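Engineer: sequence? don't have it. structure:
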């Protein structure tokens, strides 16, 4: 085979290989933003069962991605627990999704902090990756249609009147 044919074959192979790579590789998902429909998920729940976002459609959902080893997450836990109790009578549900790998440490934390809202596990962080979560805690407030109405990055004081009024306004809004 002549040198020219070898070069042409090599160039063609590189072009075809690059085309195949870019054609089949998955594009990195962008972070979930306000106005987006929240991706559905099902993750294992504590102590058993699962947390399925789809089953909460029609309710206001406060989706909190967190971890027990995260100081800001631990700091916001008491106010989030109180918020969950206060808001459940208004059709608002808080879902905690932990990225903890240690299920026992997570279970102990949930019991010690009297967390009564559903807590799911995402130890491999596949769900947090789908949402584009890069900092914990990160919270998505979803309207009744499952669309992101607000995104809170970092710890927040859930006793704050502004956040409570925002969520109550969503709860009073139209049903889908």
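Structural biologist: Yes, it's here. If you're wondering where the values come from, they're calculated on a predicted model, not measured in any experiment.
Engineer: rest of the way, CA atoms for contacts and neighbours
Structural biologist: Fine.
Engineer: State the distance from residue 127 to residue 140.
Structural biologist: As judged by CA to CA, to the nearest Å, residue 127 and residue 140 stand 13 Å apart.
Engineer: before we move on, what about residue 38?
Structural biologist: Separation of residue 38 from residue 140 (CA to CA): 9 Å.
Engineer: ok, now residue 75?
Structural biologist: 18 Å.
Engineer: Residue 63 - that's part of a strand, no?
Structural biologist: Yes - residue state for residue 63 (DSSP: H, G, I helix; E, B strand; the rest coil) corresponds to a strand.
Engineer: residues near it, how many?
Structural biologist: 20 (other CA atoms under 10 Å).
Engineer: ok, now which ones touch it?
Structural biologist: Residues counted as contacts of residue 63 (CA atoms under 8 Å, 6 or more residues apart in numbering) are 94, 95, 96, 97, 139, 140, 141, 142.
Engineer: and the two most separated of those?
Structural biologist: 97 and 142 (14.6 Å; CA to CA).
Engineer: any shared contact partners between residue 38 and residue 140?
Structural biologist: Common neighbours of residue 38 and residue 140, using CA under 8 Å, 6+ apart, are residue 148.
Engineer: mind listing the helices for this structure?
Structural biologist: Remark: helices assigned in the chain by DSSP state H are 3-24, 71-87, 103-112, 126-131, 161-172.
Engineer: and of those, who's closest to residue 54?
Structural biologist: Closest among the helices of the chain, using CA to CA: helix 126-131, at 14.2 Å.
Engineer: mean confidence score for that closest one?
Structural biologist: In this model, helix 126-131 has a mean pLDDT of 94.
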